[in-house]
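Visitor: this one's sequence-less:
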C-alpha cells in the first residue's frame, strides 16, 4: 500500500471508523453480557440465602 | 422444524453457545487477519480508483452484512410469529444493534469513498437512499423494543416491522439495476459471475466471511445476554409480586 498516494486520508479514516464502530459494538455487547451475568449471580446467591433462611426457620 | 425445536430450549442453547463461542472467535480473528493482510498488502491498487479501492474491503462486507442481518431478523420474526419459537424474537432483537452498526458503517465508509471518487459525500441516489431507509428500519425496530414495556406486545409489533421492512432488502440489492444510479452495478453476485479480478475478489470474499463470523460471534453473546435479562426480569417481577 502506497501511503503517499492521493486520498489516503479517506482510506485511513474508513479503517479507523470501522475499527471504532466494530470495537465499540463488541465492547458494548461484552459489557452488557458481564452485567447480566453479574446480576444473575446476585439473584442466585440471594435465592440460595433465602432458601437457607427459610430452611432454618422451619427446623 | 425438528432441528429448530431442538434448540427451542434456552438452556440447551446456552450450553451450545458456550461450547462453540471460542471456535467462532478463532475463525473470526483468523479471517480478519488474512483478509486485512491480503486486502492491504497483496491486492493491487485499482487502475482508476488507485488506493481508494481499499475502502471496498471494509465498505462492501459491511453492506452485505447489514442486508444479511436484516434478513436474519425478518426470518426469526416469521418463525416467532408462526411457530412461537421461544428463541426467535430473542434472536431478532439481539441481531438489531449489530445490523445497525454494519449499516451505519456501510453508509459512513461509502461516504468516505464517494467524496474522492464522485466529488460528494452524499447523493439521494436509489442505492444510498434505500440503504439509509434500512438504517431507519433498524432504528425503528430498536425503538419499538425500547418504547413498549410489555415484551410480548413489543415482540409482536417489532416482528411485523421487521417482516414488512424486509421488502427494502431486495430494493437495496436491485436498486442499481432498476434505477439510474451513481453507485456502480453489482460486480460480485451476478448471474454471469463476478466481474472483479481474483486478486481483489479473494480478500473481499474473505472479509465478507470475517464480517459474517463477527456477526455470529457477537450475536451468540447478545442472545445469551437477552435470555439472562429476561430471567432477571421474571425473577424480579415474581419477587415484586410475592412482596405485594
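Guide: Looks like it arrived, so ask away. Given the structure is predicted, the values throughout are model-derived calculations rather than measurements.

Visitor: for the rest of this, base every contact and every neighbour count on C-alpha atoms.
Guide: OK.

Visitor: now do the helices in chain A.
Guide: For chain A, applying DSSP state H gives helices covering A:8-58.

Visitor: where does pLDDT dip in the chain?
Guide: No chain was given, so I picked chain A. Residues of chain A meeting the criterion pLDDT under 70: A:57-59.

Visitor: wait, chain B was what I had in mind.
Guide: Looking at chain B by pLDDT under 70, you get B:1-8, B:242-244.

Visitor: redo that, cut-off 90
Guide: Applying pLDDT under 90 to chain B flags the ranges B:1-14, B:45-49, B:83-86, B:149-152, B:176-198, B:233-244.

Visitor: and it, which residues reach chain A?
Guide: Within chain B, the positions near chain A by Cα under 8 Å from any Cα of the partner chain are B:40-41, B:45, B:50-52, B:54-55, B:58, B:98, B:101, B:105, B:108-109, B:112-113, B:116, B:218, B:221-222, B:224-225, B:228-229, B:231-232, B:235.

Visitor: so which of the residues you listed sit within helices?
Guide: Per DSSP H, the residues of chain B next to chain A map to helices at B:58, B:98, B:101, B:105, B:108-109, B:112-113, B:116, B:218, B:221-222, B:224-225, B:228-229, B:231-232, B:235.

Visitor: can you flag the buried ones in the residues of chain B next to chain A?
Guide: Buried members of these, counted by 16 or more other Cα atoms under 10 Å in any protein chain shown: B:40, B:45, B:51-52, B:54-55, B:58, B:98, B:101, B:105, B:108-109, B:112-113, B:116, B:218, B:221-222, B:224-225, B:228-229, B:232, B:235.

Visitor: list the neighbours of the helix or strand hosting residue B:174 that are in contact with it.
Guide: Secondary structure from DSSP states H and E places residue B:174 in helix B:168-178. By Cα atoms under 8 Å, 6 or more residues apart in numbering or on different chains, the list of residues contacting helix B:168-178 from outside reads B:67, B:70-71, B:126-127, B:130-131, B:133-134, B:181, B:183-186.

Visitor: for it, buried residues please.
Guide: Those would be B:168-169, B:171-173, B:175-176, for helix B:168-178 by 16+ other Cα under 10 Å.

Visitor: would TSV of those residues with distance to residue A:43 be doable?
Guide: Shown next, in TSV, are the buried residues of helix B:168-178 (distance: Cα to Cα, whole Å):
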residue	distance to residue A:43
B:168	43
B:169	42
B:171	47
B:172	45
B:173	47
B:175	51
B:176	53
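
Visitor: so residue B:138 touches residue B:99, yeah?
Guide: Yes - using Cα atoms under 8 Å as the test, residue B:138 is close enough to residue B:99 to be in contact (7.3 Å).

Visitor: what touches both of these two?
Guide: Shared contacts of residue B:138 and residue B:99, counting by Cα under 8 Å, 6+ apart, come down to nothing at all.

Visitor: which residues touch the nearest residue to residue B:157 once chain neighbours are set aside?
Guide: Spatially, and ignoring its direct neighbours in sequence, residue B:157 is nearest to residue B:144 (7.4 Å; Cα to Cα, 6 or more residues apart in numbering or on different chains). Contacts for residue B:144 (Cα under 8 Å, 6+ apart) come out as B:154, B:157-158.

Visitor: could you say which helix or strand holds residue B:144?
Guide: In the assignment (DSSP H and E), residue B:144 maps to helix B:126-147.

Visitor: compute the inter-axis angle for that helix and helix B:168-178.
Guide: If you take axes from the mean of the first three to the mean of the last three Cα atoms, to 10 degrees, helix B:126-147 sits at 170 degrees to helix B:168-178.

Visitor: now the following helix or strand past helix B:126-147: how far from the chain's centre is it?
Guide: Downstream of helix B:126-147, the first helix or strand assigned by DSSP H and E is helix B:151-165. Centroid separation between helix B:151-165 and its chain, computed with Cα atoms, centre = their mean, to the nearest Å, is 17 Å.

Visitor: tell me which residues are up against helix B:151-165.
Guide: So helix B:151-165 is in contact with B:70, B:73-75, B:77-78, B:80-81, B:89, B:137, B:141, B:144-145, B:148, going by Cα under 8 Å, 6+ apart.

Visitor: ok, stretch B:223-232 next?
Guide: Applying Cα under 8 Å, 6+ apart, the contact partners of stretch B:223-232 are A:32-33, A:36-37, A:39-40, A:43, B:10, B:14, B:17, B:90-91, B:94.

Visitor: what about 10 Å?
Guide: A:29-37, A:39-40, A:43, B:10-11, B:13-14, B:17-18, B:86-95, B:151, B:218-222, B:233-238 (Cα atoms under 10 Å, 6 or more residues apart in numbering or on different chains).
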